[in-house]
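Asker: Quick one: sequence plus predicted model below, questions after.
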Amino acid sequence: MTRPSSRTMGSIAFFATYRPPLALDIFSLPADPDATRQDEIHLTDGISYNYNCKVIPPQALRTILRHSQLASSSKPPKRSDIDSGRLTGLVFVSERDSNLETLHFALLCFNHDDDDDDDDDDDNVDDPNVDYGGGGCDDDDDDDDDDCGYDDDDHYYDDYSYDDDDNCYSDDDDDDYSNYDNDDDDDEDEEEEEDDPCPTEVQVYSFVDVYGTFSGVRMEDSGCIAGGYKVGNGTVDLYLVYASTMEPIEDRRQPWTAVYKTNLRTGETKRLTPQGVSDLSPSVSPSGKKVAVASFERNGWQGEIEHLHTDIYVMHLRNPQEERRRVIRNGGWPTWGSDNIIFFHRKREGFWGVFRADISNGETRVTHRVTPVGIDAMTPAAINDTEVAVATIRKKSKFNEDRVAAQYRHIEIFDITEPQHESIEITRNTRPKTDHYNPFVIDGGNRIGYHRCKSPRLKSGKDMHRYFQNLKSPKKNVELNRVSGVFPTISSDGSKLAFVDNEFKSVWLADSKGVRMVYDTKGPDNIFSAVWNQNPEKDTLYVCMGPSFNADKPLEIHAIPNVSYVSSDNVETIPLTRGSFNNAFPSTNPQGNRLVFRSTRNGGDKRYKNLYIMENAKIGEFSGGKIRRLTRGAWTDTHCQWSPRGDWIVFSSTRDKPRDAPEKSIEGDPGYFAVYLVKATDPDVWVRVIKSGDDIAGHVNHPCFSPDGRSIAVSADLAAVSVDPISLPLFLHSVRPYGDIFTVDIDTRDIYENEDIETYTRITHSRYENSTPTWTMYSIMHPDADWSFCLKDSYVPTCPYTYPEGGESERRIGHLCIPRRCC
């Protein structure tokens, strides 16, 4: 069978959960409990989202600067800039390139009082100069296995110096990247930021642009420096070690993340993770010789979200395949205190904790809990073999609770030599009502870095920017767009976009008239799943009214007719369903006169859900309107959409869930969703199109047809998770991620030719949950796509949901504002 592979296919729009509406950015503070907000240093140029940072050691930074793109720049730095502390480097994740989550280098230039002296040896106490004690800066050769042989892949270089043509940054250059910020802070906050001891200049370069590595759609994370240690009279080359999703894995429902090393001198890239294995969160030992990872090698991914069941493995940089061994069971986010000491996090006794293990004798089950029971502590960054910086939440919070400082995520330093788990609090005194994430070590622990949302002193009612973002797509004929709204839906003529706000309380419309609210329920969790009538002449939007993700509660389908001409204060909705049933996910046929939906009617005590056809989409089941049952069974059929051709209906279902499967899978989610096609006029003609795992476990949900009906987009966990979820801006009250957006091409002639399609395309590569896709015939630049032009700018109101006294809330950190859900 030949499926179409090259044609005009328009644009896919989707929503991303867990991505904060305000940009994340990287900062640092002194490791001093008395530090003030004025001591906080902003470490990037402020463009886009920036996070998960590490410092680049001077030796590695010198190597990076010799590459042509940087050496040929208008302001190439010289060696004395690094030696004097005027120039430091960072490697971090940024979303500035096509909105992909990829690695970047930042060069930070600091001014000193004695700038004219290239050999200045000042202590530079106000700058984040680094005693780069990790990743290839330890020249001591105390590892016995250095005497082993090396294969042809090993590289060495002799010590070298920069030539006389190197130049230094000029203090009077015109370009100034300092304090380039997208914040909407008030004037008082802006003045405060200007007083910070920030770098005078920041230049950011894409890792792929400098080294010519894989440039396709991928996610990169956890960059750190390895190598650089002495072997005889030579020195092993320096490498950037990082995680990437650049290569697909053969097994479904397993992470694509693997660990790679790129030679900073030659640009050569090699995979460190064995084929068929998935690794996360690489960390390099202080000697630069070993790489620790959180790995799924033993059990694979089993559907867990909040607490990944990974083990920690250690491999040698030069020979990772043969010298790879497990050292710790049930651990994640490793960080080295020394070449024999690893700190890591795991969840135990109901709380996340940071633990310490001595691996000098190989695998150990003897671990010491560094952080106390009764608080949550995660994402450690070792300072040395006794001290570690961690992110903590000292008091659990409830949904919609007005959090106090102890309920925010803050950075602390713990020392195992201190009694009673005493700690140094780094961020709580400076920004008590701001969450801080994923610490990293600067200057041997004199400063601690982290990332946070750029939201100082948020005020109640203050608006935040939301954007419509175009992402790089792996399909050349399909554009990819992230919408700042839940359940985005685009009219079949491509002219209008509608969506629901994060609190599930209002419906928004973007068209030629702009962006505006067209319906408001005045309270959270009251409305969701907006969808257009397929006939654009009807100008009708359908919504589900009632609480989301709760099959025990009534949920009704309503129509909003003539929606382009209404406003939120004069709109009237028309109910189409009635009774004590849970009715949701409506979709009309192309003519717009009939409607398919899913319902718990006839579902018994277990609230099984099947598909039903509403024969008159204008009156529903009122005034004599007829409802015809389409599917029948003790399972859940849901997320249905009528094809643009009118012959088939696509939906997700648990109908093939094994009889011996648990009713609830990991973390309470039922799972076992696959996507099916059924003939609209004959329920006996159906086929399973795509599943997740081989045992049907997993999620393939929210299918939607391409405008020509020859492809289907889905939200699916086919690629599992791409990062450790506890490192993201979520902790409590999280929804369960579906994963990423995928597409499959189908045969429109014979429904049975679409059974269990093996070939699919991964469209997004993200640490966030990308879900609820919608597909339009037009490019966003098409003149009829009025909605896309409206969303290039911010719009008001933008759902800040801040507390009256200021501070971040659970309701504004990016995930859906509803209690934990089961699908």
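Answerer: That came through fine.
Asker: quick one: secondary structure of Phe742?
Answerer: Taking DSSP: H, G, I helix; E, B strand; the rest coil as the rule, one finds Phe742 in the strand state.
Asker: burial count for it?
Answerer: 23 (other Cβ atoms under 10 Å). For every residue, glycine as well, the C-beta is placed using N, CA and C.
Asker: let's have the chain start at 534 instead
Answerer: Sounds good: first residue 534 from here, last item Phe1275.
Asker: surely it meets Arg1295?
Answerer: Yes. Counting by Cβ atoms under 8 Å, Phe1275 does reach Arg1295; the two are 5.6 Å apart.
Asker: any chance you could map the helices in this structure?
Answerer: Assigned by DSSP state H, the chain shows helices spanning 591-598, 601-604, 612-617, 720-727, 740-744, 1319-1323.
Asker: Least reliable of those helices by average pLDDT, please.
Answerer: For the helices of the chain, mean pLDDT drops lowest on helix 720-727, to a mean of 39.
Asker: if I look at the residue at the greatest distance from the centre of the chain, how far off is Arg889?
Answerer: Relative to the centre of the chain, the most outlying C-alpha is that of Gly1157, 48.2 Å out, by Cα atoms, centre = their mean. Going from Gly1157 to Arg889 by Cβ to Cβ, to the nearest Å gives 72 Å.
Asker: Likewise for Ser1062?
Answerer: 47 Å.
Asker: Of these two, which one has the most company?
Answerer: A direct count of neighbours by other Cβ under 10 Å for Ser1062 and Arg889 places Ser1062 higher, at 24 against 21.
Asker: so what's the more buried one up against?
Answerer: Ser1062 makes contacts with 1020, 1033, 1076-1077, 1117-1119, as judged by Cβ atoms under 8 Å, 6 or more residues apart in numbering.
Asker: Next: Ala915.
Answerer: 868-870, 874-876, 921-922, 974.
Asker: Selection in PyMOL covering whichever of those residues are buried, please.
Answerer: Here is the PyMOL command that selects the buried residues among these (16 or more other Cβ atoms under 10 Å):
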select buried, resi 868+869+870+874+875+876+921+922+974
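Asker: and the contacts of Ala915 as a markdown table, adding pLDDT and distance to Tyr846?
Answerer: As requested, the contacts of Ala915 are arranged in a markdown table below (pLDDT from 0 to 100; distance: Cβ to Cβ, whole Å):
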| residue | pLDDT | distance to Tyr846 |
| --- | --- | --- |
| Thr868 | 98 | 14 |
| Trp869 | 98 | 14 |
| Gly870 | 98 | 17 |
| Ile874 | 98 | 16 |
| Ile875 | 98 | 11 |
| Phe876 | 98 | 16 |
| Val921 | 98 | 20 |
| Ala922 | 98 | 23 |
| Val974 | 98 | 23 |
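Asker: ok, the contacts of Ala915 vs Ile545, which is closest?
Answerer: Thr868 (37.8 Å; Cβ to Cβ).
Asker: so how far is Ala568 from the nearest residue to that closest one once chain neighbours are set aside?
Answerer: Once flanking residues are discounted, Thr868 sits nearest to Ala915: 4.3 Å by Cβ to Cβ, 6 or more residues apart in numbering. Ala915 sits at a distance of 21 Å from Ala568 (criterion: Cβ to Cβ).
Asker: How many neighbouring residues does the closest residue to Ala1150 other than its chain neighbours have?
Answerer: Excluding its sequence neighbours, the residue lying closest to Ala1150 (Cβ to Cβ, 6+ apart) is Leu1128, at 4.1 Å. Burial of Leu1128 is recorded as 28 neighbouring residues (other Cβ under 10 Å).
Asker: got the contact list for Leu1128?
Answerer: Contact analysis of Leu1128 by Cβ under 8 Å, 6+ apart lists 1075, 1090, 1109, 1119-1122, 1146-1147, 1150, 1153.
Asker: Buried only: go through the residues you listed for me.
Answerer: 1075, 1090, 1109, 1119-1122, 1146-1147, 1150, 1153.
Asker: Which of the contacts of Leu1128 fall in strands?
Answerer: Among the contacts of Leu1128, the residues falling in strands (DSSP state E) are 1075, 1090, 1119-1121, 1146-1147.
Asker: low-confidence ranges in this protein?
Answerer: 534-541, 604-609, 645-730, 932-933, 988-1000, 1197-1203, 1263-1271, 1313-1356 (pLDDT under 70).
Asker: 50 - rerun?
Answerer: For the chain, applying pLDDT under 50 flags the ranges 534-539, 647-729, 989-997, 1264-1267, 1327-1339, 1342-1356.
Asker: Just the buried residues of stretch 1222-1235, please?
Answerer: Neighbour counts over stretch 1222-1235 (16+ other Cβ under 10 Å) mark 1222-1226, 1229-1235 as buried.
Asker: Return the distance of stretch 1215-1227 from the chain's centre.
Answerer: Put simply, stretch 1215-1227 sits 30 Å off its chain's centre (Cα atoms, centre = their mean, to the nearest Å).
Asker: ok, residues contacting that stretch?
Answerer: 785-786, 1163-1165, 1183, 1189, 1206-1212, 1231-1233, 1245, 1247, 1249-1251, 1275, 1277, 1279, 1284-1285, 1287-1290, 1293.
Asker: Report the beta-bridge partner residues of Ile957.
Answerer: Ile946 (DSSP bridges).
Asker: before we move on, the earlier item: roughly how far apart are the residue farthest from the centre of the chain and Asn1303?
Answerer: Gly1157 sits 42 Å away from Asn1303, going by Cβ to Cβ.
Asker: hang on, isn't Gly870 packed against Phe876?
Answerer: Yes. Assessed by Cβ under 8 Å, Gly870 is found in contact with Phe876 at 5.9 Å.
Asker: what is in contact with these two at once?
Answerer: In terms of Cβ under 8 Å, 6+ apart, Gly870 and Phe876 are both contacted by the residues 889, 915, 921.
Asker: For my notes, please list those in CSV and give distance to Lys822 for each entry.
Answerer: Shown next, in CSV, are these (distance: Cβ to Cβ, whole Å):
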residue, distance to Lys822
Arg889, 20
Ala915, 16
Val921, 21
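Asker: of the residues you listed, closest to Gly622?
Answerer: Distances from Gly622 to the shared contacts of Gly870 and Phe876, taken by Cβ to Cβ, are shortest for Ala915, at 20.4 Å.
Asker: Just list whatever residues bridge to the closest one.
Answerer: Counting by DSSP bridges, Ala915 is bridged to Val921.
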